[in-house]
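Asker: pasting the structure only:
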């Protein structure tokens with residue numbers, strides 16, 4: 001069975017994805033698929049993680065970029081290529097261009113994480129920092145293409161890009177032939193569209209579930225309208241799927257072949273990232289963890305075996321630190337509280353003994369003595385504690401109250 005999307009571009013069919021797979025042989029890794037006992041227990045069926053975070057450049061983006069650039073004519077290659085990206089697509093285009101001997105220029109936002117900027121340069125691209133949001137960066141790249149004749153490499157809105165990303169779907173079918181549900185993160189839709197074309201052509205019974213960040217969910221209103229529509233402000237930590245409008249080409253494929261599009265919140269994303277790190281030993285960026293977030297939010301609704309695609313692992317260390325803290329808070333692993341002590345020698349030691357007996361780990365302590373609400377001999381203590389989860393938080397608070405402390409959260 002071959003599915004086609006028509007329009008300005010030539011139709012995209014399964015044979016295109018198989019051709020892309022041959023083209024990528026020796027270029028892109030066939031990434032591992034790992035089982036997850038924890039997620040399997042939650043879902044009640046086998047759950048496997050497709051680890052594109054271990055792909056060259058740290059994400060699936062190399063696949064589409066290489067296929068797109070490899071398909072250029074000699075004249076187009078001589079003109080060079082240009083792209084705009086905050087990270088993953090930038091690195092994919094840079095490496096693909098280097099492998100193919102094509103000059104590449106990549107526009108990145110001024111605030112792009114330094115490790116991603118450095119990696120893009122190391123792969124061989126000329127990096128130009130422009131704009132503070134991706135839309136401004138995109139406009140600069142397109143203007144550069146018009147002025148210089150360089151070929152603009154779109155991150156998701158081209159059949160060659162989609163064909164390259166669709167090779168992930170063929171690998172999933174090879175590695176887990178019994179799969180019944182595939183869960184994939186979605187921004188512009190190129191990855192989900194490519195996987196859907198590949199999988200539905202071979203196994204139309206497999207359910208494809210797309211996942212978007214709730215603060216950047218352009219597909220639900222677009223699907224409701226029957227056409228790509230732009231949404232307003234975008235607010236999400238998942239910059240890899242932070243897209244305000246679906247691509248025209250992937251939209252038609254998603255509308256026809258993707259069974260469902262779900263959204264996940266920031267707490268769910270950070271909890272999923274923490275789970276990937278702790279349980280699967282995988283460094284995954286927030287966008288890459290979005291399928292796991294969907295599984296955590298409603299595990300009983302997925303029919304197994306399930307494959308969740310970890311699409312990328314390029315996360316700035318400083319952002320990772322903040323996200324992990326956020327994830328631990330969301331998981332009930334941190335407890336912040338305030339209480340009052342009599343300001344006398346040994347009072348703090350007595351308090352710490354209560355916390356030690358409750359098995360709470362003290363991360364930080366602050367003292368306030370100048371608040372006018374405090375009595376002459378009182379001091380307010382602010383505590384940041386590491387706990388084992390929500391039940392332990394309640395136990396620690398109860399232990400403090402039982403010891404006679406007035407606790408405020």
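Answerer: It's in. What you are looking at is a predicted structure, and each value in this text was computed from that prediction instead of being measured.

Asker: now the helix or strand of the chain with the lowest mean pLDDT, how far from the centre of its chain.
Answerer: In the chain, the helix or strand scored least confidently by mean pLDDT, DSSP states H and E is helix 317-330, which has a mean of 75. Helix 317-330 has its C-alpha centroid displaced from the chain centroid by 14 Å (C-alpha atoms, centre = their mean, to the nearest Å).

Asker: please apply the same query to stretch 149-158.
Answerer: Counting by C-alpha atoms, centre = their mean, stretch 149-158 is centred 22 Å from the centre of its parent chain.

Asker: and the end-to-end length of that stretch?
Answerer: 18 Å (C-alpha to C-alpha, to the nearest Å).

Asker: quick one: contacts of that stretch?
Answerer: 9, 61, 64-65, 68-69, 72, 76, 79-85, 89, 93, 105, 141-142, 144-145, 161-162, 165, 187-191, 243, 247-250 (C-beta atoms under 8 Å, 6 or more residues apart in numbering). C-betas here are computed from N, CA, C, even on glycine.

Asker: quick check: next helix or strand after the least confident helix or strand of the chain?
Answerer: Using DSSP states H and E, the helix or strand that follows helix 317-330 in sequence is strand 334-342.

Asker: burial check on residue 74, number of neighbours?
Answerer: Applying other C-beta atoms under 10 Å, we find 7 residues neighbouring residue 74.

Asker: actually residue 63, not the one I wrote
Answerer: Residue 63 has 31 neighbours, counted by other C-beta under 10 Å.

Asker: go ahead and confirm it touches residue 167.
Answerer: Yes: the pair residue 63 and residue 167 passes the contact test of C-beta atoms under 8 Å, sitting 5.6 Å apart.

Asker: phi, psi of residue 379?
Answerer: Backbone torsions for residue 379, taken as degrees, to the nearest 10, come to phi -140, psi 140.

Asker: quick revisit: what's the least confident helix or strand of the chain packed up against?
Answerer: Applying 3 or more C-beta pairs under 8 Å, 6 or more residues apart in numbering; DSSP states H and E, we find helix 317-330 packed against helix 266-278.

Asker: which elements pack onto the helix it packs on?
Answerer: So helix 266-278, by 3+ C-beta pairs under 8 Å, 6+ apart, packs with helix 290-297, helix 317-330.

Asker: what would these look like in a markdown table with distance to residue 343 and mean neighbour count?
Answerer: Shown next, in a markdown table, are these (distance: least, C-beta to C-beta, whole Å; neighbours: other C-beta atoms under 10 Å):
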| stretch | distance to residue 343 | mean neighbour count |
| --- | --- | --- |
| helix 290-297 | 45 | 27 |
| helix 317-330 | 30 | 16 |
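
Asker: okay if I get these as TSV plus distance to residue 367?
Answerer: Listed next are these as TSV, based on distance: least, C-beta to C-beta, whole Å:
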stretch	distance to residue 367
helix 290-297	38
helix 317-330	23
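
Asker: nearest to residue 124, of these?
Answerer: Among the helices and strands packed on helix 266-278, helix 317-330 comes nearest to residue 124, with 23.6 Å by C-beta to C-beta.

Asker: and the contacts of the closest one?
Answerer: 113, 115, 237, 266-274, 277, 283, 286, 315, 334, 386.

Asker: go again with 10 Å.
Answerer: Identification of contacts with helix 317-330 by C-beta atoms under 10 Å, 6 or more residues apart in numbering yields 113-115, 237-239, 265-278, 283-286, 289, 315-316, 333-336, 386-387.

Asker: same thing with stretch 359-376?
Answerer: Contacts to stretch 359-376, defined as C-beta under 10 Å, 6+ apart, come from residues 334-336, 338, 340-343, 348, 351-352, 354-356, 378-388, 392-393, 395-397, 399-400.

Asker: could you redo the last one with a cut-off of 7 Å?
Answerer: Residues from elsewhere that reach stretch 359-376 (C-beta atoms under 7 Å, 6 or more residues apart in numbering): 352, 355, 379-387, 396.

Asker: among those, which ones are in strands?
Answerer: 379-386 (DSSP state E).

Asker: so which of these is the closest to residue 134?
Answerer: For the ones in strands among the contacts of stretch 359-376, the nearest to residue 134 is residue 384 (35.0 Å; C-beta to C-beta).

Asker: and the contacts of stretch 359-376, which are buried?
Answerer: Buried residues within the contacts of stretch 359-376, counting neighbours by 16 or more other C-beta atoms under 10 Å: 355, 379-381, 383, 385, 387, 396.

Asker: would you map the helices across the stretch 51-200 of the chain?
Answerer: All helices of the stretch 51-200 of the chain, identified by DSSP state H, counting those that start in this stretch, fall at 61-70, 74-79, 88-100, 114-122, 134-148, 159-175, 190-202.
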